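Engineer: Structure of the sequence below:
(chains A and B)
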Amino acid sequence: MTIATLTSESPERKERAERWRSGLRAAAALLVVAAIYEAFARSGLFPPALVPTLPKILHTLVASLMDGTLIVHAMMTLYRVLFGLGLAIVVAIPLGILMARFKPVENFVLPLASALMPIPSLAWVPVFILWFGLGNTVAIAIVFYAATFPMLLNTWSGVRAVNPLWLRAAGAMGAAETDLFWKVIIPGASPFIITGVRQAFLRAWIAVVGAEMLAASDFGLGWVIYDAKEFLNADLMMASLIVIGAIGFVFERLVFGSLEKATVARWGMVRTAKS
Amino acid sequence: MADTAASAHDLTPAATVRAADARWRVIARNAFPFIVVGVIWEIVALAQVFPPRLFPPLEVIGATFWRLTASGILPHHAFDTLLRLFAGFSLAAIVGVAIGILMGRSRLAEDVVLPLVSIGAPIPGIAYAPLFLLWFGLGNVSTVLLVAFVSTFPIIFNTWTGVKAVKEIWVRSAQAMGADNRRLFRHVILPGALPYILTGLRLGLAQAWRILVGVEMLAAVSWGMGWMIFGAREFLNTDVMLAGVAVIGMIGLALEKLVFQRLEDYTVVRWGMITS
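Structural biologist: Next comes the predicted model:
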């Protein structure tokens, strides 16, 4: 996309030809890598259980999607991520707004947040296992922990970054405190908040997979991958990796992309969101 | 963060007193929330709302911390973790910056590498862990390679963006003044892209750090913070775990404050590329 804008001075046809060539090269690169992998897998240099051939991976992927097992696991993982993320949104966004609006709240929360933030969420897994037992709660708590801080900090800086001129202008035009909040502060901070949700999802997505592996909860894509190791099912592993990547991609591009388009882009604030 | 504002004031005698006063107030203000949380923790722990084995009071955690530090166990764990982090991260930095610059300068490299990177990036790094363990065995090799693999992606992306963001007019004017390729690279492209590259390295290190502890738990390395706290679970040693988590937090904080802020101050801030 950025490439298109950079070369906008050249005629459109030339640009289209360039894009074609880029696409061809990309496809060629993928094909070559796939071919190299396939050659490795078939060469017999490595045990076939560890390096399954591509048709085998595809077959496993389709088969486990068709009989529904992988879908159930994916649903379970999604449920944990969205539950934890929802919890984090409910807690962190109001807290972030409070922090930005009231100095004492900021003075209290910020030191705690900066002390907890450098601790990776996965470090809490063993502690949470002891506290909550194996299973769903650990995964959700880890997701919550991972998602809270990016959201909190982005909301906080978003509200603080609202142009004071807008506040004064709205105040001069007689906006009440609630109007000010809903019509100026929230839209003004929304690019940051959406960035926060986005970052929070990425962190949560990492955290949930790790938590599922470590907390051995019998369900979830992370558990599938980890469990497949025991049985040397590298094909199943790669199939779940593909599913994990696909879900991550869908969320990142489609869900958050369209969310951004529906809100900040429409309000004409996408430049702030990009920076 | 707040104390930089205090030190920026000029230091006339009267102002020194005020500055010292203000600094104390900042310290007190930052300590207050920890004291509150500590007291609540202490009350909950001593009232035995939860079993004391699972929710030890602070003095027990502190005593464990001292015991483990004095016996050299904790430093050994921490040292091994740091070693792995830097081994993996250095690998990622070298490979990532090289690929990123190549992608930024050559259209062919960009077309070839970008699809591969875009496919690999959305998969959380820790998901590859079992695969790496299968391929490279339990232990150090898998851990370092996985950490390197994970932190390469943000470094590649940011370096690539940075090289692309170097203003065309800088490149052209340097060329017009007769700069050859090597000097163009060293004096224009590299400094121009450096803020982005540093951001990439920073993100990469953060990513590596976030993954490393988890990978250590999975890879069953014999020393390392992740393994220490995960192993403590078997014996319900919550105090060891919490002491370990505290150390992990300190290492994380030190990485951010000491490594990257310094690096940024010495390079891009001094060159006036960004204001600190």
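
Engineer: Let's test this: mean pLDDT of stretch B:71-78, rounded?
Structural biologist: Averaging the model's pLDDT scores along stretch B:71-78 yields 88.

Engineer: For that stretch, list every residue counted as buried.
Structural biologist: By neighbour count on 16 or more other Cβ atoms under 10 Å in any protein chain shown, the buried set for stretch B:71-78 is B:74, B:77-78. Yep, even glycine has a C-beta here, placed from its N, CA and C like the rest.

Engineer: Next one: that stretch, is it in contact with chain A?
Structural biologist: No. Judged by Cβ under 8 Å from any Cβ of the partner chain, stretch B:71-78 and chain A are separated, with a smallest distance of 12.5 Å.

Engineer: in the stretch 101-250 of chain A, what residue is nearest chain B?
Structural biologist: A:Pro118 (2.7 Å; Cβ to the nearest Cβ).

Engineer: isn't that residue right up against B:Leu255?
Structural biologist: Yes. Using Cβ atoms under 8 Å, A:Pro118 is in contact with B:Leu255, at 7.4 Å.

Engineer: is the helix or strand encompassing B:Arg210 anywhere near chain A?
Structural biologist: In the assignment (DSSP states H and E), B:Arg210 maps to helix B:190-219. Yes. Interface with chain A: helix B:190-219 contributes B:209-214, B:217-218 (Cβ under 8 Å from any Cβ).

Engineer: Now do that helix: which elements does it pack against?
Structural biologist: helix A:125-132, helix A:186-214, helix B:73-105, helix B:129-136, helix B:140-165, helix B:225-232, helix B:238-254 (3 or more Cβ pairs under 8 Å, 6 or more residues apart in numbering or on different chains; DSSP states H and E).

Engineer: Next, format these as JSON lines and append distance to B:Ile35.
Structural biologist: Below are these laid out as JSON lines (distance: least, Cβ to Cβ, whole Å):
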{"stretch": "helix A:125-132", "distance to B:Ile35": "22"}
{"stretch": "helix A:186-214", "distance to B:Ile35": "29"}
{"stretch": "helix B:73-105", "distance to B:Ile35": "25"}
{"stretch": "helix B:129-136", "distance to B:Ile35": "39"}
{"stretch": "helix B:140-165", "distance to B:Ile35": "36"}
{"stretch": "helix B:225-232", "distance to B:Ile35": "25"}
{"stretch": "helix B:238-254", "distance to B:Ile35": "16"}
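
Engineer: what about the nearest residue to the residue of the stretch 101-250 of chain A closest to chain B once chain neighbours are set aside, neighbour count?
Structural biologist: Nearest residue to A:Pro118 in three dimensions, chain neighbours excluded: B:Gly252, at 2.7 Å (Cβ to Cβ, 6 or more residues apart in numbering or on different chains). Per other Cβ atoms under 10 Å in any protein chain shown, the neighbour tally for B:Gly252 reads 22.

Engineer: for A:Arg80, same thing?
Structural biologist: Look at A:Arg80: counted by other Cβ under 10 Å, it has 27 neighbours.

Engineer: where does the stretch 151-275 of chain A have low pLDDT?
Structural biologist: For the stretch 151-275 of chain A, the stretches with pLDDT under 70 are A:216, A:264-275.

Engineer: Enumerate every residue touching A:Glu212.
Structural biologist: By Cβ atoms under 8 Å, 6 or more residues apart in numbering or on different chains, A:Glu212 lies in contact with A:77, A:80, A:139, A:219-223, A:226.

Engineer: ok, it to A:Arg198 distance?
Structural biologist: Distance, A:Glu212 to A:Arg198, by Cβ to Cβ, to the nearest Å: 22 Å.

Engineer: What is the burial count for A:His101?
Structural biologist: For the record, residue A:101 is Arg, not His. Burial of A:Arg101, expressed as a neighbour count using other Cβ under 10 Å, amounts to 14.

Engineer: give the contact list for it.
Structural biologist: A:Arg101 makes contacts with A:Val159, as judged by Cβ under 8 Å, 6+ apart.

Engineer: can you pull the pLDDT of it?
Structural biologist: So A:Arg101 comes in at 85 (pLDDT).

Engineer: Now the phi/psi pair for it, please.
Structural biologist: Backbone geometry at A:Arg101, expressed as degrees, to the nearest 10, gives phi -90, psi -30.

Engineer: Now stretch A:182-191: buried residues?
Structural biologist: Buried residues in stretch A:182-191, counted by 16+ other Cβ under 10 Å: A:184-186, A:188-191.

Engineer: which one of those is nearest B:Arg172?
Structural biologist: A:Pro191 (33.4 Å; Cβ to Cβ).

Engineer: Do I have it right that that closest one meets A:Gly158?
Structural biologist: Yes. At 6.9 Å, A:Pro191 counts as touching A:Gly158 under the criterion of Cβ under 8 Å.

Engineer: The helices and strands packed on helix B:190-219: which one's closest to A:Tyr37?
Structural biologist: Ranking those by distance to A:Tyr37, with Cβ to Cβ as the measure, places helix B:129-136 first at 12.8 Å.

Engineer: Other residues contacting that closest one?
Structural biologist: By Cβ under 8 Å, 6+ apart, helix B:129-136 touches A:50, A:213, A:225-226, A:228-229, A:232, A:234, A:237-238, A:241, B:142, B:145-146, B:149, B:214-215, B:218-219.

Engineer: Among the helices and strands packed on helix B:190-219, which comes closest to B:Val36?
Structural biologist: Nearest of the helices and strands packed on helix B:190-219 to B:Val36, taken as Cβ to Cβ: helix B:238-254 at 17.6 Å.

Engineer: And that closest one, what's buried?
Structural biologist: In helix B:238-254, counting by 16+ other Cβ under 10 Å, buried: B:238-249, B:251-252.
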